[in-house]
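# Let's see this in three dimensions:
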Amino acid sequence: MKIAHVRERNAPAGTPFRLAAAVDADATEWLDLEPARRRLVAADPRRPHDGSLFRQPISTLDAHLAAGLRVSALGELLDDFVPSEEEDEAILDRADLDFGPPVLHPTSLRDFYAFERHVATVWGRRNAEVPEAWYRLPIFYFSNVSELRGPADPVWAPRGSVELDFELEVCALIDTPARDLPADRAEEAIGGFTILNDWSARDLQRDETTVRLGPAKGKDFASTIGPWLVTPDELADARPPGATGPDLAMSVDVRTADGPSVAVTRGSWSTAHFSFGQMLERASADVRLRPGDLIGSGTVGTGCLLEVRDETLGRYLLPGDEVVARIERLGELRTPIVERPG
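Below you'll find the model as predicted:
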């Protein structure tokens, strides 16, 4: 199941996002879930008595999680919906929609460091070996959820920076309270996955890391997620036995202002050193994970210009560029790069 926040492209400014689910495998048509809920209740008035999903209007995924419901509960609306014989207003065409972040106001964002190739490249630039502790401990930092972006939302270099970089990651959504999870069961707390672009200002970051605290302003100015949330059952068949993750391609192309598209990133989720189960075991140790928490995988190998700038784009990002991030089965996340406002 694919879940997204949508609104019509011609909607008035300020129109709120609505929650929708993809009707077909290619996500070309979407079911508006609140009209679907109302129609099912009208057909069977007993539904509100039998399940809490039908007792309140469906607005956002954030509200759904706050009501104590898991992402998978929305599948009942999709499974039981019967479209009308004539053109059905509950069915929306993707071409007519704008998409928002799959979670509008996440409760937190822990960003891990799970791909060895990326880690080795970063440490190699310092003429150092990967610390032994990295192989034992899934490491993360807390990012800033106040500057969350969605599909097509612009991003710009923060004040004082001229080295804007993308970082391609897988992002998991926690949809149930959890604490002290064992690695072999921790992924049961995940409601779905989406693409995360964890933006970096490399010049600010390079200066800040000399103090050995952070990251700070080199990281907390923007994070982009989307285009939609994909439930774990849609990915299960792509995960080889014993693998840390599904064997799904991850890529980034940068479309430059003067036209050409440059292939920058080519990697696979399955190359992660740590699974999300191992990351969640670490994240939940002695603390509560909450519905709405986001967990980033860290950057896939080759997943940023810091690693492959010289042999690909030849520079950091500039206004007029468009970053096109893709993860197989999770969709495509486009971000225009613009001048810093003001």
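
# list the contacts for the nearest residue to T256 once chain neighbours are set aside?
Nearest-residue entry for T256: D321, 5.6 Å, with adjacent residues in sequence omitted and distances by CB to CB, 6 or more residues apart in numbering. (C-beta placed from N, C-alpha, C; glycine too.) Listed by CB atoms under 8 Å, 6 or more residues apart in numbering, the contact set of D321 reads V254, R255, T256, A257, P336, I337.

# Over to G331?
K2, A27, I195, G226, P227, W228, V230.

# Just flag the most distant two among these.
By the measure CB to CB, A27 and I195 form the most distant pair in those, at 13.6 Å.

# Those two: which has the busier surroundings?
More neighbours surround I195 than the other of A27 and I195, with 24 against 17 (other CB atoms under 10 Å).

# which SS class is the more buried one?
Here I195 is recorded as strand under DSSP: H, G, I helix; E, B strand; the rest coil.

# Which strand residues bridge it?
Beta-bridge pairing for I195 (DSSP bridges): V170, G226.

# Could you do H5 as well?
Per DSSP bridges, the residues bridged to H5 are L19.

# quick one: it from H64, how far?
11 Å (CB to CB, to the nearest Å).

# ditto for A183
In terms of CB to CB, A183 sits 27 Å off from H64.

# Check which helices and strands the longest helix seen in the chain is in contact with.
Criterion DSSP state H: the longest helix present in the chain is helix 33-43. Counting contacts by 3 or more CB pairs under 8 Å, 6 or more residues apart in numbering; DSSP states H and E, helix 33-43 packs against strand 18-22, helix 47-50, helix 75-80.

# residues in contact with it?
Residues contacting helix 33-43 (CB under 8 Å, 6+ apart): 18-21, 47-48, 53-54, 57-59, 74, 77-78, 80-81, 89-90.

# Strands along the stretch 201-342 of the chain, start to end?
223-230, 249-255, 261-268, 288-289, 293-296, 322-327, 331-336 (DSSP state E, counting those that start in this stretch).

# got the contact list for the shortest one?
Residues from elsewhere that reach strand 288-289, judged by CB under 8 Å, 6+ apart: I174, P177, A178, R179, L181, A189, L280, A283.

# beta partners for the fourth one?
In this structure, R179 has the following beta-bridge partners (DSSP bridges): R288.

# How about the contacts made by it?
S284, D286, V287, R288, L289.

# Pull out the buried members of those residues.
S284, L289 (16 or more other CB atoms under 10 Å).

# What is the nearest of the contacts of R179 to D96?
Among these, and counting by CB to CB, the member closest to D96 is L289, at 36.2 Å.

# Compute the inter-axis angle for the longest helix of the chain and strand 18-22.
80 degrees (axes from the mean of the first three to the mean of the last three CA atoms, to 10 degrees).

# Give me the buried stretch members for helix 33-43, please.
Quick answer for helix 33-43 (16+ other CB under 10 Å): L33, P35, A36, R37, R39, L40.

# Check stretch 63-82 too.
H64, L65, L69, R70, V71, A73, L74, G75, E76, L77, L78, F81.

# tell me the two of the residues you listed that are most distant?
L65 and F81 (21.5 Å).

# what's the pLDDT at L74?
Looking at L74, its pLDDT is 98.

# what's the spacing between it and I58?
8 Å.

# okay, now D198: neighbour count?
Neighbours around D198, by other CB under 10 Å: 24.

# From E147, how far out is it?
11 Å.

# do A21 as well
For A21, the distance to E147 - CB to CB - is 27 Å.

# Those two: which has the busier surroundings?
Of the pair A21 and E147, A21 is the one with more neighbours under other CB under 10 Å, namely 23 against 14.

# returning to that earlier point: what about the contacts of G331, which one has the most neighbours?
G226 (30 neighbours).

# Verify the stated contact: that one with T194.
Yes. Counting by CB atoms under 8 Å, G226 does reach T194; the two are 6.2 Å apart.

# any shared contact partners between these two?
P102.

# For the nearest residue to V324 once chain neighbours are set aside, give the beta-bridge partners.
The shortest distance from V324 to any non-neighbouring residue, by CB to CB, 6+ apart, is to D253 (4.6 Å). Beta-bridge pairing for D253 (DSSP bridges): A263, V324.

# Pretty sure E76 sits against R47.
No. The criterion here is CB under 8 Å, and E76 misses it with R47 at 9.2 Å.

# Between L74 and I58, which contacts overlap?
Contacts common to L74 and I58, judged by CB under 8 Å, 6+ apart, are L19, L33, H64.

# For the second one, give its distance to R18.
Per CB to CB, L33 is found 8 Å from R18.

# Equivalent analysis for G68, please.
G68 is 21 Å from R18, by CB to CB.

# Over to A178?
A178 is 28 Å from R18, by CB to CB.

# same deal with D32?
6 Å.

# more neighbours, those two?
R18 (22 against 19).

# hmm, back to that, any idea which of the buried residues of helix 33-43 is the one closest to V155?
Of the buried residues of helix 33-43, the one sitting nearest to V155 (CB to CB) turns out to be L33, at 29.2 Å.

# hmm, back to that, ok, the residue nearest to V324 - contacts?
S261, V262, A263, V264, V323, V324, R326.
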